[in-house]
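Engineer: I'd like to go over a predicted model; first the sequence, then the structure.
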Amino acid sequence: MDDLTLEGYNIDSKAKQFVDYFKSQANHFRTSNLMHTMGEDFTYTNSRMWYKNMDKLIKYINSKE
């Protein structure tokens with residue numbers, strides 16, 4: 001949730017978890033490129049919501065650099 005007025009606002013913590021995960025993965029590879037699959041079996045039944053949330057997360061992370 002990326003709206004500060006919502007009780008469940010959590011984009012800060014979710015973005016940190018996302019970045020920390022990829023930083024930890026980067027320690028195990030020689031290349032600067034990482035590929036990671038996203039979602040589970042039924043994640044894409046509502047793909048519009050899934051991609052909307054991923055876009056929000058990526059936009060938020062990029063705005064912090």
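Structural biologist: Noted; the coordinates are in hand.

Engineer: what residue ranges in this structure score low on pLDDT?
Structural biologist: Within the chain, the set of residues satisfying pLDDT under 70 comprises 43, 65.

Engineer: do that again at 80, thanks
Structural biologist: The model of the chain has pLDDT under 80 over residues 1, 3, 38-44, 46, 65.

Engineer: from the centre of it, point out the most distant residue.
Structural biologist: Distance from the centre of the chain peaks at Arg30, with 22.5 Å (Cα atoms, centre = their mean).

Engineer: and that one, how far is that from Lys64?
Structural biologist: Distance check for Arg30 against Lys64: by Cβ to Cβ, to the nearest Å, it reads 27 Å. Just so you know, the C-beta spots here come from the backbone N, C-alpha and C atoms, and that holds for glycine as well.

Engineer: Phe42 too?
Structural biologist: 31 Å.
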